[in-house]
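S.K.: Kindly return the folded structure for what I paste below:
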Amino acid sequence: MSTSSLYRSTSNIARKHSRVSKVAASAATVGALGAIGFAAGAAPWAQAMDNVGTTVHTDAVTTPDQAGSSPLATAITGIKTHEGQAAANTQLDVIRSGGAMGNTTSAIDIANQAAAQRRVAAAAAAAKQRAAQAKAAAQAKAAALAKAAAATKAAAQAKAAAQARVAAQVRAKAAAAARAKAAAAAAKPYTIYDSVTPSSIPSGEAAAVYANGAYAASASQASGHRSVLWIDTNGSDPNANVLDVEPGDATPAGAAQWVQQRLSAQPHSVAIVYTMMSDWQQVKDKVGALPGWMQSKVRYWIADPTGVPHIVPGASATQWYWGNNYDITTANPNFAN
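M.R.: All right, here's what the predicted structure looks like:
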């Protein structure tokens, strides 16, 4: 049925029942529309139905011959009841839809929150991993630096040790050279100067001066020489280095006695006997009576003034030059020791 047909039907009803206004007719039309399921625009029609209801109610009250209702009122009331139920159903659908939407939104929020929490946890784990990697890298770098420093220190120590060894070798070589030079010099015969006037002996040379007798010298007079031998002229000083055996001084028999006294007091020293070529054999005969170890420590200094440097065979030193200021002797390296 079209809207025009419905409107004409309601208008006819209104003309038959004069107390029903056009508004009621319109409401009847609306009720008919609602009866066939046309529910669009429910809220405006509900207001119109309220107006119609008011009109019907007024009509029912003012008409005495009505029992409080009429076919039209009953129809309109049915229309309103149907319209209210439709509105209620519509509201329920909206509420249900809203509830469903609310549940869906909550699930999405929970999912989003869970995803966000997972992202935060993943970021924290990544940051922790990066921090651990950075720490490990720093530790590795520190270890590498420490290793390099240790290697540098070890290299420096090794270099210093090598330099120390080289320096020690150089010093040892220099000392050995010095000893060899000294040994070579000691292995060669050397010159001794003796005089009754010590001041006439060349400075820095080996000297021999008198410890007693008419030409006894003082320690200050004998200073300034490489070495000094002290000569005993009469056999009274066994602490002297040399005994002078010649006419007017000690005798060959006195020589043996002096050697025994000296070596008994100083067994690690030597006993030097100075004598002439003419008295040498007699002195050796007297000394030959001493113990063998004493004989081995006797050194013979023989006067043989030829003017030519030499050492008489069997002697340890030979005085080969007699001069006005000093005499000169050539001695073997072991003469004084």
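S.K.: CA only for contacts and neighbour counts going forward, please
M.R.: Fine.
S.K.: So what does residue 266 have for phi and psi?
M.R.: In terms of degrees, to the nearest 10, the main-chain angles of residue 266 are phi -130, psi 80.
S.K.: Could you check how many residues crowd around it?
M.R.: Look at residue 266: counted by other CA atoms under 10 Å, it has 13 neighbours.
S.K.: pLDDT value on residue 254, please?
M.R.: Each residue has a pLDDT score; the one for residue 254 is 97.
S.K.: For it, give its distance to residue 109.
M.R.: Summarising the geometry, the distance separating residue 254 from residue 109, computed by CA to CA, to the nearest Å, is 136 Å.
S.K.: the more surrounded of those two?
M.R.: Neighbours around residue 254 and residue 109, counted as other CA under 10 Å, are more numerous at residue 254. The numbers are 18 against 12.
S.K.: tell me the contacts of that one?
M.R.: Counting by CA atoms under 8 Å, 6 or more residues apart in numbering, residue 254 touches residue 235.
S.K.: Next, the buried residues of the helix or strand hosting it.
M.R.: With elements delineated by DSSP states H and E, residue 254 resides in helix 252-265, which encompasses its position. Neighbour-count burial for helix 252-265, counted by 16 or more other CA atoms under 10 Å, picks out 252, 254-263.
S.K.: Equivalent analysis for stretch 303-316, please.
M.R.: The neighbour-count criterion (16+ other CA under 10 Å) identifies 303-305, 309-312, 316 as the buried residues of stretch 303-316.
S.K.: Quick check: residue 212 touching residue 231?
M.R.: Yes: proximity of residue 212 to residue 231 meets the contact threshold set by CA atoms under 8 Å, at 7.5 Å.
S.K.: where does the stretch 51-200 of the chain have low pLDDT?
M.R.: Counting by pLDDT under 70, the stretch 51-200 of the chain shows low-confidence ranges at 51-105, 186.
S.K.: The same query, at a cut-off of 80, please.
M.R.: Across the stretch 51-200 of the chain, the stretches falling below the confidence threshold (pLDDT under 80) are 51-105, 182-186.
S.K.: per-domain residue ranges of this protein.
M.R.: The chain breaks down by automatic domain parsing into domains covering 3-104, 188-331.
S.K.: least reliable of these going by mean pLDDT?
M.R.: Set side by side, those show their lowest mean pLDDT on domain 3-104, which sits at a mean of 45.
S.K.: Which residue comes closest to residue 236 once chain neighbours are left out?
M.R.: Using CA to CA, 6 or more residues apart in numbering and skipping residues adjacent in sequence, the residue nearest residue 236 is residue 258, 7.9 Å away.
S.K.: what's the answer for residue 336, then?
M.R.: Here the nearest residue to residue 336 in space, its sequence neighbours aside, is residue 270; by CA to CA, 6+ apart that works out to 6.9 Å.
S.K.: count of residues packed around the one you found?
M.R.: As a burial measure, the neighbour count of residue 270 was computed by other CA under 10 Å and equals 22.
S.K.: thinking it is in contact with residue 337, fair?
M.R.: Yes: counting by CA under 8 Å, a contact exists between residue 270 and residue 337, whose distance comes to 6.0 Å.
S.K.: Where does residue 248 sit: helix, strand or coil?
M.R.: Using DSSP: H, G, I helix; E, B strand; the rest coil, the secondary structure recorded for residue 248 is coil.
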